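Asks: Structure, please.
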Amino acid sequence: MIEIKDKGECCGCSACYAICPQKCIRLTKDCEGFLYPEIKDSDCIKCGLCIKTCPVLNQNSEKIPLHCYAAKNKDLNLRKDSSSGGVFQKFAETIINTGGVVFGARFDEHWNVIHDHTDQIEELRRFRKSKYVQSELKDTFIKVRKFLSDDRKVLFVGTPCQIAGLKLFLKKDYDNLYLADFICHGVPSPEIWKLYREEVAGDAQITDIFFTDKSHGWNNSVLKINGLDRLTHKSYVILAESINKNLFMRGFLQDIFLRPSCYKCRQKMFKSHSDITLGDYWGIKAYHPEFFDDSGISLCFINTDKGEEIFKTLNLEIISTEFENAIKGNPSAVSSVELPLTRKYFFEEIYAGTNNLNKIIDKYTSSLNFRKEQIKYFSGKIGILGLIRKLT
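Replies: Numbering: from 1, shown residues only. Next comes the predicted model:
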């Protein structure tokens with residue numbers, strides 16, 4: 001029976017929940033908004049499947065990708081409507097056009113992030129673009145297995161830990177399964193995302209959310225929230241802020257509210273063994289200026305022969321690139337982010353309800369305030385004399 005003693009040892013992939021033959025595992029949210037397994041002891045038959053399916057307890061070996069490419073969709077408009085180079089769209093279209101099914105993350109009716117599937121090309125827009133929140137999987141792995149058993153091609157796109165969990169859940173390789181993960185910085189708290197959008201939108205009805213709107217270019221992406229005034233029924237922009245200035249994205253990029261397991265991720269160095277790993281090719285202008293433009297360029301790590309085979313059928317603009325250059329702008333592919341010293345105090349203040357979320361994020365991420373919180377943290381941990389020695 002799986003037992004979570006350290007929350008840093010659970011990535012929330014849901015594999016244990018999906019594999020349990022007794023259905024005695026449920027996923028419940030903690031105070032930070034992350035899901036963890038809870039086992040009903042009286043129904044557990046001690047089969048051990050949950051332990052055998054955990055990607056934290058059963059890790060793959062590290063590997064170096066077979067090939068690395070910079071890529072972009074030939075449809076410029078579609079590329080502008082994607083987070084990076086529009087590779088996902090071509091991959092998904094290829095699977096659907098052969099009778100397959102695509103699994104990925106989308107918003108639900110309340111703007112929470114969930115995993116879902118589609119076999120309709122016109123629905124792919126809901127699955128495009130990055131969503132910087134951990135998605136809820138529920139019975140997704142079970143649905144994937146059913147489609148595979150029905151001999152339908154399946155493309156599953158998710159975080160590296162979700163890919164690793166799915167592979168362990170399935171127990172075997174399938175020729176009709178294609179796995180694509182992405183370079184993952186870490187997954188923010190769904191609860192913080194909920195509090196943030198409620199604070200920003202207020203009583204407005206949200207009609208669309210774009211974490212990386214590229215209206216001003218790929219290198220100047222903005223977090224944009226569109227809404228509808230409930231009284232006048234007029235559409236308007238609730239929020240449009242650059243990624244560098246937006247407080248939710250600042251908190252994400254400074255790692256304040258990531259899942260505890262993200263600070264010691266077990267899937268770095270391509271240990272998920274996905275077929276393809278996707279990301280933004282940050283820094284490409286320095287290595288391939290002739291291929292660069294400001295509409296978005298994808299970075300594609302090809303990890304398996306099957307991944308290489310289907311990638312070459314996607315009719316993309318591609319050029320080869322060096323692995324060492326590719327990871328310079330994407331260090332999250334090979335290493336975890338560091339645990340912020342003041343993460344604990346951030347969450348304590350959130351749930352004390354003494355301030356609004358934006359002010360709290362600003363407090364813990366602005367350089368001056370972060371230094372103050374460091375002092376507060378260290379003085380509590382090692383005392384004033386120890387603090388003086390550490391800071392000097």
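Asks: Spit out the contact partners of the nearest residue to Asn356 once chain neighbours are set aside.
Replies: In this structure, Asn356 finds its nearest non-sequential neighbour in Glu199, 6.0 Å apart by C-beta to C-beta, 6 or more residues apart in numbering. From N, CA and C alone the C-beta is placed, and that goes for glycine too. Contacts here follow C-beta atoms under 8 Å, 6 or more residues apart in numbering; on that basis Glu199 touches 356-358.
Asks: Please confirm that Glu199 is located within a helix.
Replies: Yes. In this structure, Glu199 lies within a helix as judged by DSSP: H, G, I helix; E, B strand; the rest coil.
Asks: So for it, what's the pLDDT?
Replies: Note on Glu199: pLDDT of 95.
Asks: how close does it get to Asp229?
Replies: Using C-beta to C-beta, to the nearest Å, Glu199 is found at 18 Å from Asp229.
Asks: still on that earlier bit, which among the contacts of Glu199 end up buried?
Replies: Neighbour-count burial (16 or more other C-beta atoms under 10 Å) applied to these gives 357-358.
Asks: Just the pLDDT at Pro37, thanks.
Replies: pLDDT for Pro37: 97.
Asks: who does it bridge with?
Replies: Beta bridges link Pro37 to Leu27 when assigned by DSSP bridges.
Asks: Give the full set of residues in contact with it.
Replies: 2, 4, 10, 16-17, 25-27, 50.
Asks: next one: Ile51
Replies: Neighbouring residues of Ile51 by C-beta under 8 Å, 6+ apart: 1-2, 57.
Asks: Wait, a helix at it?
Replies: Yes. Under the criterion used here (three-state DSSP), Ile51 sits inside a helix.
Asks: ok so, going back, could you dump the contacts of Glu199 to a markdown table with pLDDT and distance to Leu316?
Replies: Shown next, in a markdown table, are the contacts of Glu199 (pLDDT from 0 to 100; distance: C-beta to C-beta, whole Å):
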| residue | pLDDT | distance to Leu316 |
| --- | --- | --- |
| Asn356 | 92 | 44 |
| Leu357 | 95 | 40 |
| Asn358 | 95 | 39 |
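Asks: Just the contacts of Glu199: which are in helices?
Replies: Among those, the residues falling in helices (DSSP state H) are 357-358.
Asks: could I get the contacts of Glu199 as a markdown table with distance to Asp293?
Replies: Listed next are those as a markdown table, based on distance: C-beta to C-beta, whole Å:
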| residue | distance to Asp293 |
| --- | --- |
| Asn356 | 39 |
| Leu357 | 36 |
| Asn358 | 34 |
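Asks: Closest one to Val154 out of the contacts of Glu199, please.
Replies: Nearest to Val154 among these: Leu357, at 37.7 Å, using C-beta to C-beta.
Asks: My guess is the closest one contacts Lys194. True?
Replies: No. Leu357 is beyond contact range of Lys194, at 10.0 Å (criterion: C-beta atoms under 8 Å).
Asks: Let me see the ranges of the strands in this structure.
Replies: 25-29, 35-39, 67-72, 101-107, 113-118, 154-158, 177-182, 205-213, 222-228, 235-242, 276-280, 298-302, 317-320 (DSSP state E).
Asks: quick one, which of these is nearest to Leu341?
Replies: Counting by C-beta to C-beta, Leu341 lies closest to strand 35-39 out of these; the figure is 23.8 Å.
Asks: In the protein, where is pLDDT below threshold?
Replies: Across the chain, residues meeting the criterion (pLDDT under 70) sit at 367-392.
Asks: thinking again about what came up before, give me the buried subset of the contacts of Pro37.
Replies: Buried members of the contacts of Pro37, counted by 16+ other C-beta under 10 Å: 2, 10, 16-17, 25, 27, 50.
Asks: Let me see the contact set for Leu239.
Replies: Each residue near Leu239 by C-beta under 8 Å, 6+ apart is listed here: 200-201, 223-225, 246.
Asks: The closest residue to Phe182 other than its chain neighbours bridge partners, please.
Replies: Leaving aside its sequence neighbours, Phe182 sits nearest to Leu278 (C-beta to C-beta, 6+ apart; 4.8 Å). Going by DSSP bridges, Leu278 is paired in beta bridges with Phe182, Cys300.
Asks: Double-check Leu278 against Lys90; I have them as touching.
Replies: No. Contact criterion C-beta under 8 Å: Leu278 and Lys90 do not qualify, at 11.3 Å.
Asks: Pro21: neighbour count?
Replies: Residues near Pro21, counting by other C-beta atoms under 10 Å, number 9.
Asks: Next one: it from Ala15, what distance?
Replies: Using C-beta to C-beta, we find Pro21 at a distance of 14 Å from Ala15.
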